[in-house]
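Novice: This is the structure alone, sequence omitted:
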């Protein structure tokens, strides 16, 4: 099969200015809840893009763990590649792709760490094996084999038993959006695409972009 011949006609929905929210957070909340209620696989999965000192962008999939008017939250190892890149360049981009709904949401903004209290609260809500895993994995570092992870997990499991504390190198990040884009697939590749840009007065400017 020639992959250049793979095509799909997007015809499930539309996105108009009159039917969309003036506040992008409300629009995001609506679409995310529709993805959840529609049983889209892993509706909370998002691609995170960061840029390091070498100016080479990198991406990976992370899971959204919270959102409100302050921004979008996820958790990870601060010493990972993305953590090191964010320490040097705090700007990032997120993307949700809900294939079954023919929808994409793109979010850009500056990133900051969440408070220790927020990180502690979320960490202690995780399953025990996930809490041990945060200690066991030297994320993004080269390891000899999987045995390293298994050995580390056993070591920290024995050390902390049922009460592992949050590692000092692990916690949350919050992206504070200044640009949102909502994309709804449409027939003939004439897709709907709305951009929300944060203005100096704190208001959102909603504009239609050509697909």
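Specialist: That came in fine, so what should we check first? These numbers come from a predicted model, not from an experiment.

Novice: Any figure for the gap between the residue nearest to residue 84 when sequence neighbours are not counted and residue 21?
Specialist: Leaving out its chain neighbours, the residue that sits closest to residue 84 by CB to CB, 6 or more residues apart in numbering is residue 52, at 7.2 Å. All C-beta atoms are positioned from the backbone trio N, CA, C, and that covers glycine. Distance, residue 52 to residue 21, by CB to CB, to the nearest Å: 35 Å.

Novice: What helices and strands are in contact with the longest strand seen in the chain?
Specialist: If each strand of the chain is counted by residues according to DSSP state E, the longest one is strand 170-184. Helices and strands touching strand 170-184, by 3 or more CB pairs under 8 Å, 6 or more residues apart in numbering; DSSP states H and E, are helix 24-37, strand 71-77, strand 103-113, helix 116-123, strand 192-198.

Novice: Quick one, grab the pLDDT at the residue nearest the centre of the chain.
Specialist: Nearest to the mean C-alpha position of the chain, counting by CA atoms, centre = their mean, stands residue 46 at 3.9 Å. Per-residue pLDDT puts residue 46 at 98.

Novice: tell me the contacts of it?
Specialist: Shown in contact with residue 46 (CB atoms under 8 Å, 6 or more residues apart in numbering): 61, 62, 63, 64, 72, 74, 94, 95, 96.

Novice: most neighbours, which of those residues?
Specialist: With neighbours taken as other CB atoms under 10 Å, the top of the contacts of residue 46 is residue 72, carrying 24 neighbours.

Novice: Next, the contact list for the residue nearest to residue 84, please.
Specialist: By CB under 8 Å, 6+ apart, the residues touching residue 52 are 58, 81, 84, 85, 88, 89.

Novice: Go through the residues you listed and name the one nearest residue 154.
Specialist: Nearest to residue 154 among the contacts of residue 52, counting by CB to CB, is residue 81 at 25.9 Å.

Novice: Find the nearest non-adjacent residue to the closest one, please.
Specialist: residue 140 (4.3 Å).

Novice: three-state assignment of that neighbour?
Specialist: coil (DSSP: H, G, I helix; E, B strand; the rest coil).

Novice: Just confirm it contacts residue 78, I think it does.
Specialist: No. Using CB atoms under 8 Å, residue 140 makes no contact with residue 78, being 10.9 Å away.

Novice: The two: which is more packed in?
Specialist: Set side by side, residue 140 and residue 78 show more neighbours around residue 78, with 19 against 14, by other CB under 10 Å.
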